[in-house]
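*Asks:* Test case, fold it:
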Amino acid sequence: MKCPQCTDVTLVMTERQGVEIDYCPSCRGVWLDRGELDKLIERSASAPAVVQPAYQPPPRRPDFADSDYHHGGYGKRKHKSWLSEIFD
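*Replies:* Here you go, the predicted model:
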């Protein structure tokens, strides 16, 4: 059978769970025969529902404004040796 959209491409037939599906490899269109859509709807209704996990927000980052790091390292000076601490 030829693709109704492309007119020159032959449809590829595949079977999935007892339903025959025709599709066009060029435009990726899907065509079903009579009654096949009803079969798909019945199977999707009888399939168990997949429960999605509840949304969990990402872990909260520590708030550095409340800690001792609020100066951002400014004003801190590293001494060169223990002698410089004595004579400072």
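*Asks:* tell me the strands in this structure, going along the chain?
*Replies:* Under the criterion DSSP state E, the chain contains strands at 12-16, 19-23, 30-32.
*Asks:* And the last one, what does it pack against?
*Replies:* Strand 30-32 sits against strand 19-23, with contacts defined as 3 or more CB pairs under 8 Å, 6 or more residues apart in numbering; DSSP states H and E. C-beta: built from backbone N, CA, C; applies to glycine.
*Asks:* So what touches the strand it packs on?
*Replies:* Under the criterion CB atoms under 8 Å, 6 or more residues apart in numbering, residues 1, 11-15, 29-33, 36, 39-40, 43 lie in contact with strand 19-23.
*Asks:* What subset of the residues you listed is buried?
*Replies:* Buried residues within the contacts of strand 19-23, counting neighbours by 16 or more other CB atoms under 10 Å: Leu11.
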